[in-house]
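S.K.: Fold the stuff below for me.
(one chain, ligands or ions: 1)
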Amino acid sequence: ASNSSMPGPDCPSKCGNIDIPYPFGIGDGCGRPGFSPYNLTCNNSFSPPRLYMSSAEVISISPETGEIRVVTYPSYMCYNLNSPSIFTSYAGPWILANPFMISARSNEFTAIGCSTVALLQSRSYYTGCVTYCESIKGAATDGAQCTGLGCCQMPISGNLSTIQVYWNNNSNGTYDNPAWTYSPCSFAFVAEKGWYRFSRQDLIFDGNNSFASRASAKPTAPACVSRNSFCISATQGPGYLCNCSEGYMGNPYVTGDKGCTNINECDLRKSNPEKYEKLYPCYSGSTCHDTQGSYKCKCKFGLKGDGKSEKGCQPIFPVWAIPILGIIVVAVVATFAIFEVKRRKHRRFFDRNGGDILKSMGINIFTEGQLKKITNGYKKSIGEGAFGKVYIGVTDDSQQVAVKCSTAKGEVLPQEEFVNEITFQFRISHTNLVRLVGCCLETDVPMLVFEFVPRGSLHSVLHGAGKTLPLSMPVRLDIAIGSAEALAYMHSHGGHNHVHGDIKSGNILLDDNLTPKVSDFGSAKLVSVASRYSKWCVSGDMSYIDPIYIKSGRFTEKSDVYSFGVVLLELVTRKPAKYGDNSLYIDFIRSFKEEGNGRKMYDEDILSGEDARSYHHMECLDRISRLAVQCLKEDVDERPTMAEVVEELKEVKAIASGGSSSVAS
Ligand SMILES: Nc1ncnc2c1ncn2[C@@H]1O[C@H](COP(=O)(O)OP(=O)(O)OP(=O)(O)O)[C@@H](O)[C@H]1O
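M.R.: Predicted coordinates for the structure are as follows:
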């Protein structure tokens, strides 16, 4: 046999109303080649046309079940009342063409009559049934089951390809069967189960009656060529049948679209819920999702399990866990919301503080989290100024830093000025300037990270905790020279914008070698003038402020010179700028004017120390105090520049170190 699995394009697909699925076909080359039973004929002389498989009329062909349904005719035997005789009509023998067999599953044998023994024979197979009724009224009622009262029914064996009906008429030539008077005919046939419905009327038929019954027959050997089809052994006789796999429907004997295709159970459920929701159930309100050859029932949110199984979907969490879960969810959402608000706030500040620009310039930008880690959660505060608190910290590369956190909320420089200031500070480099390591821009006022200077401020060394530390003349001179050099450097870089504005002994830090490092260049500028001014008033740092600034409101390099003059006085006298109700400046100037020098105010330690015996010692002190008085001049033009201050201090240092004096004391 050829393996062709498709009918030709010209083959009719219908005869009247009957579909003709492959492997059946009408006409040459339309049915499965080599199997004559598949070649059907369509008799168009009937209306509607009738389909035939050799002489048997075909009613339907179902590739899904592997069955064709054909018309069969009953056999009958009748007693002729007018001239006593019996006439019989045998339908058959009815022989099905190979490979078809009578379906034992679908068909049954039925006999009708009031004194009837009907026999069914197929080659070496014999069976039969008996029916009897005393009168028509003694027969079963209409629609009743055929249990022998007017009709009998029995299942038939499988594997029958031929059947024939016989009668045992027991007339013995006398024609005296009393039943023939009220029921002259007996009928027998093989037909589809349930097709025949008993009626007493059938018992009084006179022989001209004709039944047309329907029997189903199964083919036994077509090839299962459709995808998603499979073969099963024939339930009767040799051979096999083709079926669509579960979840598919169509013709298993053909390929392509007409073959077995997926059943969309979900669409069917929608189109006819009453029928299909039972057939394809989805329990617990689960939703149907079609899959190839099947469907899935997805459980609703919060439920798990198989919506297809009767057990349905179960809650993922037990009922008691739901409130706990609710609390957890609310907590998570709240945490997330707080985190998100914080993140946005950080971003807003970062943008306002010119974060992207500074980042692109290679400035070290720390996150708030990083600073928290660096300062170990802001554990150790090392001081507090106008800008805010200062914390010690250690960076990832083990560098000690001082982190300045602002308390002055919302008081920031305009973005451009801030970016310029930070960039400038980040780029400048001088041994006597505290180096800016980086900054954090995620806060309202940016946090600044500086190199850590371990000895604290000159103020604390001179007047505070470090007061016990003996300070020789050269050390004091080195501190003065280093600080003055830092100021001169800043004044010569970038013009008047880079005045310090807050020079005081508290802003001169000392490292382990007592090398001075001027701090607060940035923060002095980065904190609003108003807040600094109020801080000065409170802390008494007004003693360093240039009176000209107070009058004009403008800081100049000469304002720094003035403040540095006060620091020089502190170095010479080791007295704070303000002590009790006294001002160092006022007291010293008075003494200076009265005596022509301020010797009476000089630090006793420096006068009595080892180096005091030096010939030039007093001269050096006098020159420093004269320089200080010069710096403190009311007329700014009389004040030296920081470069001149450096020069003078260096000369004094040279004298103190044993060099010759240029000015007689
Ligand atoms: N880089 C640093 N290394 C070590 N300690 C520092 C550093 N910067 C500041 N400090 C300490 O923190 C203290 C506070 O410093 P900050 O500069 O904020 O304020 P201030 O200089 O005392 O006052 P103001 O803000 O009015 O100038 C300083 O006195 C100093 O002891």
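S.K.: Identify the spatial nearest neighbour of Ser565, chain neighbours not counted.
M.R.: For the record, residue 565 is Gly, not Ser. Cys631 (2.9 Å; CB to CB, 6 or more residues apart in numbering). The C-beta positions use only the backbone N, C-alpha and C, and glycine is treated the same way.
S.K.: Would you enumerate the residues in contact with the one you found?
M.R.: Residues counted as contacts of Cys631 (CB atoms under 8 Å, 6 or more residues apart in numbering) are Val561, Tyr562, Phe564, Gly565, Leu568, Arg639, Pro640, Val645.
S.K.: Just the closest of the residues you listed to Gly307, please.
M.R.: Among these, Phe564 lies closest to Gly307 (CB to CB), at 84.8 Å.
S.K.: For that closest one, what is the enclosing helix or strand?
M.R.: helix 557-573 (DSSP states H and E).
S.K.: Now the next helix or strand after that helix: average pLDDT?
M.R.: As assigned by DSSP H and E, the chain's next helix or strand after helix 557-573 is strand 578-579. For strand 578-579, the per-residue pLDDT values average out at 88.
S.K.: doesn't Asn243 fall inside a strand?
M.R.: Yes - residue state for Asn243 (DSSP: H, G, I helix; E, B strand; the rest coil) corresponds to a strand.
S.K.: Test for you: state the pLDDT assigned to it.
M.R.: 74.
S.K.: do Ile136 as well
M.R.: Ile136 is given a pLDDT of 90.
S.K.: my read: it touches Ser183, true?
M.R.: Yes - judged on CB atoms under 8 Å, Ile136 makes contact with Ser183 at a distance of 6.8 Å.
S.K.: Need the residues touching each of the two.
M.R.: With CB under 8 Å, 6+ apart, Ile136 and Ser183 have common neighbours Cys114, Leu203, Ile204.
S.K.: Closest one of those to Pro318?
M.R.: Nearest member of these to Pro318, counting by CB to CB, is Leu203, at 69.0 Å.
S.K.: who's in contact with the residue lying closest to Ser563 once chain neighbours are set aside?
M.R.: With sequence-adjacent residues excluded and distances taken as CB to CB, 6+ apart, Ser563 is closest to Ile503, at 3.6 Å. Shown in contact with Ile503 (CB under 8 Å, 6+ apart): Leu487, Val518, Tyr544, Asp560, Ser563, Phe564, Val567.
S.K.: For the ligand, what's its nearest residue on the stretch 301-450 of the chain.
M.R.: Of all residues in the stretch 301-450 of the chain, the one sitting closest to the ligand is Gly385 (1.8 Å; CB to the nearest ligand atom).
S.K.: On the pLDDT front, check that residue for me.
M.R.: Model confidence at Gly385 (pLDDT) stands at 77.
S.K.: isn't it right next to Lys504, touching?
M.R.: No - Gly385 is not in contact with Lys504 according to CB under 8 Å; the separation is 10.4 Å.
S.K.: Compare those two (neighbour count), which wins?
M.R.: Neighbour totals were compared for Gly385 and Lys504, and Lys504 leads with 24 against 21 (other CB atoms under 10 Å).
S.K.: how close does that one get to the ligand?
M.R.: 7 Å (CB to the nearest ligand atom, to the nearest Å).
S.K.: Quick check: that residue vs Lys575, distance?
M.R.: 14 Å (CB to CB, to the nearest Å).
S.K.: Any regions of the stretch 251-400 of the chain where pLDDT drops low?
M.R.: 387 (pLDDT under 70).
S.K.: got the residue ranges for the helices in it?
M.R.: 265-271, 273-279, 321-352, 355-360, 368-374 (DSSP state H, counting those that start in this stretch).
S.K.: Now tabulate these in TSV and tack on mean neighbour count and distance to Glu64.
M.R.: Below are the helices of the stretch 251-400 of the chain laid out as TSV (neighbours: other CB atoms under 10 Å; distance: least, CB to CB, whole Å):
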stretch	mean neighbour count	distance to Glu64
helix 265-271	16	15
helix 273-279	11	15
helix 321-352	12	48
helix 355-360	16	70
helix 368-374	17	68
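S.K.: Dump these to CSV, plus distance to Ala480.
M.R.: Shown next, in CSV, are the helices of the stretch 251-400 of the chain (distance: least, CB to CB, whole Å):
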stretch, distance to Ala480
helix 265-271, 91
helix 273-279, 97
helix 321-352, 40
helix 355-360, 35
helix 368-374, 33
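S.K.: so can I have TSV of these showing distance to the ligand?
M.R.: Formatted as TSV, the helices of the stretch 251-400 of the chain follow (distance: least, CB to the nearest ligand atom, whole Å):
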stretch	distance to the ligand
helix 265-271	72
helix 273-279	77
helix 321-352	20
helix 355-360	20
helix 368-374	14
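S.K.: Which of those helices sits closest to Val445?
M.R.: Of the helices of the stretch 251-400 of the chain, nearest to Val445 by CB to CB is helix 321-352, at 8.8 Å.
S.K.: Three-state assignment for Ala628, please.
M.R.: Per three-state DSSP, Ala628 ends up helix.
S.K.: How about it: what's its closest non-neighbour residue?
M.R.: Nearest non-adjacent residue to Ala628 (CB to CB, 6+ apart): Leu568, at 3.8 Å.
S.K.: list the contacts for the one you found?
M.R.: Ala480, Ile624, Ser625, Leu627, Ala628, Cys631.
S.K.: Please identify which of those is nearest to the ligand.
M.R.: Closest to the ligand, out of all of the contacts of Leu568 and judged by CB to the nearest ligand atom, is Ala480, at 18.4 Å.
S.K.: which phi and psi does that closest one have?
M.R.: Dihedral angles of Ala480 (phi, psi; degrees, to the nearest 10) stand at phi -60, psi -50.
S.K.: where's it relative to Ile136, distance?
M.R.: 145 Å.
S.K.: More neighbours: those two, which one.
M.R.: In terms of neighbours (other CB under 10 Å), Ala480 is the more surrounded of Ala480 and Ile136; the figures are 29 against 15.
S.K.: Would you confirm that that one contacts Leu649?
M.R.: Yes - using CB under 8 Å as the test, Ala480 is close enough to Leu649 to be in contact (5.3 Å).
S.K.: list the residues that contact both of those two?
M.R.: With CB under 8 Å, 6+ apart as the test, Ala480 and Leu649 both reach Ile624.
S.K.: thinking again about what came up before, any chance of the contacts of Ile503 in TSV, with neighbour count and distance to the ligand too?
M.R.: What follows is those, written out as TSV (neighbours: other CB atoms under 10 Å; distance: CB to the nearest ligand atom, whole Å):
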residue	neighbour count	distance to the ligand
Leu487	29	15
Val518	26	10
Tyr544	25	10
Asp560	29	13
Ser563	28	11
Phe564	28	15
Val567	27	13
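S.K.: No further questions, thank you.
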